[in-house]
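Peer 1: Structure for the following, please:
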Amino acid sequence: MHKILRESDKKKLTSMSSLKRLKRLYLCALDNYHLINNHFGIKLLVCYGCSLTRLLCGLIITADHWKEKLEANDNSESSYSFKQVNKFFFFLMCTVAPVLIITKACKELSENVTTTLMKCYLLQIKIPYKSYEYKELRILWVFIFENRLWFTAAGFFTIQPSVLLGIAGSTVTYFLVLLQFN
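Peer 2: Okay, the predicted model is just below:
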């Protein structure tokens with residue numbers, strides 16, 4: 001897209017090969033969109049659930065360990081050492097990392113498609129109205145606009161970092177409720 005805009009800024013007509021490459025790239029993104037939403041959505045939902053369940057269990061075990069240490073009022077090693085807690089959180093991060101990477105990739109792809117849509121619109125303004133390139137660019141713009149990429153985990157929620165943080169926040173809230181009411 002940047003190459004197309006540079007060509008347009010140099011007062012050259014947009015080449016049809018550039019538009020075809022852009023359309024091919026968008027079709028690849030659309031295929032990935034359908035794969036993530038339809039096939040990987042349930043697995044992503046399960047990964048979210050497993051990661052947050054592990055986080056909640058780890059927080060409960062850690063809180064019990066600290067409570068045990070405080071009640072014992074000594075500095076000796078208890079049955080559940082801090083090394084084990086560290087190992088638990090390391091393995092938790094190993095399961096959370098792929099979910100975070102997929103979430104970030106989905107967000108970036110959605111934002112880049114929106115940026116491409118805006119650039120297509122701006123490019124339409126620069127190209128003569130009756131040209132063939134304008135018509136092709138208009139068709140591409142309408143196609144992208146009608147097929148916007150909104151990644152969802154099997155239709156349950158939109159895949160965005162804010163949603164992931166919201167789910168983690170509710171997990172921590174449940175943890176605090178469990179701590180308060182023993």
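Peer 1: how close does the most centrally placed residue in the chain sit to residue 51?
Peer 2: In the chain, the residue lying closest to the centroid (C-alpha atoms, centre = their mean) is residue 103, at 1.9 Å. Counting by C-beta to C-beta, to the nearest Å, the gap between residue 103 and residue 51 amounts to 11 Å. Using the backbone N, CA and C atoms, a C-beta is placed for each residue, glycine as well.
Peer 1: got it, and residue 120?
Peer 2: 37 Å.
Peer 1: swap in residue 153?
Peer 2: 13 Å.
Peer 1: after the helix or strand bottoming out on mean pLDDT in the chain, next one along is what?
Peer 2: Across the helices and strands of the chain, mean pLDDT, DSSP states H and E gives its lowest value to helix 2-9, namely a mean of 52. Going down the chain from helix 2-9, the next helix or strand is helix 16-34, by DSSP states H and E.
Peer 1: helices or strands up against that next one?
Peer 2: helix 2-9, helix 82-126, helix 132-146 (3 or more C-beta pairs under 8 Å, 6 or more residues apart in numbering; DSSP states H and E).
Peer 1: how about those helices, which one is nearest residue 162?
Peer 2: helix 82-126 (9.2 Å; C-beta to C-beta).
Peer 1: what angle sits between the closest one and helix 132-146?
Peer 2: Interaxial angle of helix 82-126 relative to helix 132-146 (axes from the mean of the first three to the mean of the last three C-alpha atoms, to 10 degrees): 140 degrees.
Peer 1: now the angle from helix 82-126 to helix 16-34?
Peer 2: 140 degrees.
Peer 1: Compute the distance from the centre of helix 82-126 to the centre of its chain.
Peer 2: 4 Å (C-alpha atoms, centre = their mean, to the nearest Å).
Peer 1: Packing partners of it?
Peer 2: By 3+ C-beta pairs under 8 Å, 6+ apart, helix 82-126 packs against helix 2-9, helix 16-34, helix 41-72, helix 132-146, helix 161-180.
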